[in-house]
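Colleague: sequence unavailable; structure follows:
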């Protein structure tokens, strides 16, 4: 197991190197570049040239890349052009928000997705089944900004039940420790603040959770349908086991294996920045930072965040592989 | 068996309902705060901004969101008239100008203190002027000290680019004498810009305000600019939560003028326009800027107040006669008859009535009528398709192809819907016998780069004035850029009489003479017709029903200390 983990970690190196080259090349190929972004609409060509000279942007790309790489291995991704603060600081400050949002979105997706997928399979061909299949198609297809608009219109504007954007009420003077707002509220016993942070998570979590929800419903449904027809289920039924036992031990447990992989992969995806969801909800996580950085041509943030998110994604996948091994001994042996 | 699962589902549904119900209770409790009574002072005002401020030291600022914050914390020698564009005394009680226009004596307000408790006086004023003049290194980069360079030119350490600033002397506690090396119409009006706010010398020094550091990707501003801005204004800086894009400022209890009514203002970044509107409708924020004209009615139906500013901008159709080497622009546009044909082809009335918000006006020249120097007798080019056709035929240019550039993904105060604007003008030009070849590019940086490099034959662009000064409009567009040529955006046209008129007007010390000279410059520009002025359009902001006292500013320079909240 240890060797397996070490090997997977070593595989990270070429992945990240390749990614850094691609990122660097792509960003520099964009028209305009950082000088235009920093100097604004009416910058003269002379001013742009001076800026490029000042910051070494006129040197050969390979020199710029090597300098970038030299700093990157020390997790120094430079400073953000927009905020003037170190990229790593920005990342650490914003990642907790994204993690909270991911957890809530996945709780929603799993909590609704697995029961719904299971029921759809059990009632195969019924109205519940067709509704969940169509619903999951819609869940994948509906653009998040539109869903966000509808959710906010209903729950924030019309009903006034839930806040429509942000991570916490701006008027709230909450103490920050970990930047996980819900956790901070619990740690400091500021129950109001924790509850407010939870409320702020609900709409973006629903908007973000619809895609994994739809996928989980479909995978659960398909997987349960497969397992129900397996020989061992028939055998179990034939030997007179209680139906509930057959379900619990033989159907659900086996059916959930592929679902757990899906959950792992989806969690990794959500963690790597829900760019659109976070930005339409003005939710201060890594996704909204990436969105702003893209428009401001904030190269340092783009490079640093994408690379660090790639590390997060690969690590989450590694965890999924490990947990898969734990759930299914056959995988470990290989 | 199935029943049990149905029950589980019902349980989760019940849990969801519980969550939403308690959410309801909580939001009731929140909105319960500050209830009762009419027009009370105090309270928290939450304003939705489109972006974060770049930093908090206005001397290094050049964008609207940075200045939105600094206008509440800082004051300059001059300020802007509430709701208007004229500069008025602020930290200076009044001032005198020497006959040669080179020496300004400012008599300062007395008993004014900075937020850190130190005294505002003539020495503090001179400290700030000397600070700007002595910027070194990265502080000299145009992204940092844009407005200083636009108004004063160079620095102490850049003899090749001289500065018009000579010296500042504190002749006594409350008198500062500023000397210039040459006369400019920008002074003293430009001192009303937030970039020339007077900041606390003690705080500037303590937090190393001028120490900008940088990497190849960005400027890093000082501790002062990021965390410790200290001015004399009605609000003091409290905190900046960057992760959530929230700047909090609180009332300055020791303000020298009339104290602010609000306890606290939170300026919160919500970049998405729909989100801003819905957050206002749901009561999470109390106001926001840059309202889309399409939302005016919906917002007013919900009781919100849409505050339309007086138009202080210009939308124009840039034309490029192709003097820029390698730009490939159209030499046919060097013929004045072709340029006139374009001007006569455009139906400004339809544009103003159907594409722009109420209050928009047709433009006859490149500045709004409220700016001194606007002339009522410039050559105008009324909508006349037949005349356009005959001018074109006369020039032998019927069917000329125009590469028409317009921006996408953007809404500017002077150009709310670029694509619709393009369609109308494009149809106008086709009717007059031109062939239009459209090019749509993303606003920043692709579009701006392309049109400023002179790659378009014709293009849409505009400008919002910084302060009430003719040069700030027509000088920005048509002053000589280099070697007797204008900027590449206008095809580097060569019109020495226009360049001379602008330079002479800028250097004229007598305001009355200067106004006449700018009027003459406007007449010359409209005769030469380097571009077609189209419209002045009023940008709007919106506040909730219970917000009072917010005076919309044509400069988009609102101050919030007059604002109060009722029940």
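Modeller: On my side now, so go ahead. Just so it is clear, the model here is predicted, and its values are computed rather than measured.
Colleague: which residues touch residue 268?
Modeller: You didn't pick a chain, so chain A it is. Counting by CB atoms under 8 Å, 6 or more residues apart in numbering or on different chains, residue A:268 makes contact with A:312-313, A:316-317, A:320. Every C-beta, even on glycine, is put in place using the N, C-alpha and C of the backbone.
Colleague: actually chain B
Modeller: A:166, A:170, A:282, B:46-49, B:244-247, B:285.
Colleague: let's go with 7 Å and repeat that
Modeller: A:170, B:46, B:48-49, B:245-246, B:285 (CB atoms under 7 Å, 6 or more residues apart in numbering or on different chains).
Colleague: remind me which residues of the stretch 101-250 of chain B are low pLDDT?
Modeller: Low-confidence segments of the stretch 101-250 of chain B, defined by pLDDT under 70: B:214-219.
Colleague: same thing with the stretch 151-300 of chain A?
Modeller: Applying pLDDT under 70 to the stretch 151-300 of chain A flags the ranges A:273.
Colleague: what does it have sitting close to chain B?
Modeller: A:152-153, A:156-157, A:160-167, A:169-171, A:195, A:199, A:202, A:243-244, A:279-280, A:282, A:284, A:292, A:299-300 (CB under 7 Å from any CB of the partner chain).
Colleague: identify the bridge partners of residue A:86.
Modeller: The bridge-partner assignment for residue A:86, based on DSSP bridges, gives residue A:79.
Colleague: quick check, it in contact with residue A:79.
Modeller: Yes. Counting by CB atoms under 7 Å, residue A:86 sits close enough to residue A:79 to count as a contact (5.6 Å).
Colleague: so between the two, which is more surrounded?
Modeller: residue A:79 (26 against 19; other CB atoms under 10 Å in any protein chain shown).
Colleague: from the middle of its chain, how far away would stretch B:452-470 be?
Modeller: 13 Å (CA atoms, centre = their mean, to the nearest Å).
Colleague: so for it, what gets flagged as buried?
Modeller: Neighbour-count burial for stretch B:452-470 flags B:452, B:454-470 (criterion: 16 or more other CB atoms under 10 Å in any protein chain shown).
Colleague: among those residues, which ones are in strands?
Modeller: Per DSSP state E, strands hold the following members of the buried residues of stretch B:452-470: B:458-464.
Colleague: identify the residue nearest residue B:461 in space, chain neighbours excluded?
Modeller: Among residues not flanking residue B:461 along the chain, residue B:318 sits closest, at 5.6 Å (CB to CB, 6 or more residues apart in numbering or on different chains).
Colleague: please apply the same query to residue B:356.
Modeller: Leaving out its chain neighbours, the residue that sits closest to residue B:356 by CB to CB, 6+ apart is residue B:537, at 4.7 Å.
Colleague: what is the neighbour count of the one you found?
Modeller: Neighbours around residue B:537, by other CB under 10 Å: 29.
Colleague: you'd agree it is up against residue B:362?
Modeller: No. Counting by CB under 7 Å, residue B:537 sits too far from residue B:362 to count as a contact (10.6 Å).
Colleague: element containing residue A:305?
Modeller: Assessed by DSSP states H and E, residue A:305 sits inside helix A:299-327.
Colleague: and that helix, which residues are buried?
Modeller: For helix A:299-327, a neighbour-count test (16+ other CB under 10 Å) marks A:299-310, A:312-314, A:316-318, A:320-322, A:324-325 as buried.
Colleague: equivalent analysis for stretch B:525-532, please.
Modeller: Buried, per 16+ other CB under 10 Å, within stretch B:525-532: B:525-526, B:528-532.
Colleague: now do it: distance to the chain's middle.
Modeller: Taking mean C-alpha positions (CA atoms, centre = their mean), stretch B:525-532 and its chain are 24 Å apart.
Colleague: now do stretch A:54-69
Modeller: On CA atoms, centre = their mean, the centre of stretch A:54-69 falls 31 Å from that of its chain.
Colleague: can you give me the mean pLDDT across it?
Modeller: Mean per-residue pLDDT for stretch A:54-69: 81.
Colleague: mind checking the end-to-end distance for it?
Modeller: End-to-end distance for stretch A:54-69, by CA to CA, to the nearest Å: 20 Å.
Colleague: in it, what counts as buried?
Modeller: A:54-55, A:57, A:64-65, A:68.
Colleague: looking at those, which one is closest to residue B:334?
Modeller: Within these, the smallest distance to residue B:334 is 35.8 Å, found for residue A:57 (CB to CB).
Colleague: re earlier: and of the buried residues of stretch B:525-532, the nearest to chain A?
Modeller: The nearest member of the buried residues of stretch B:525-532 to chain A, counting by CB to the nearest CB, is residue B:531 at 15.2 Å.
Colleague: against residue B:549, how distant is the closest one?
Modeller: For residue B:531, the distance to residue B:549 (CB to CB, to the nearest Å) stands at 39 Å.
Colleague: ok, and what's touching the helix or strand hosting the residue nearest to residue B:461?
Modeller: Taking DSSP H and E as the criterion, residue B:318 maps to strand B:313-319. Applying CB under 7 Å, 6+ apart, the external contacts of strand B:313-319 come out as B:333, B:339, B:342, B:346, B:363, B:366-368, B:413-415, B:425, B:451, B:458-465, B:473, B:489-491, B:530-537.
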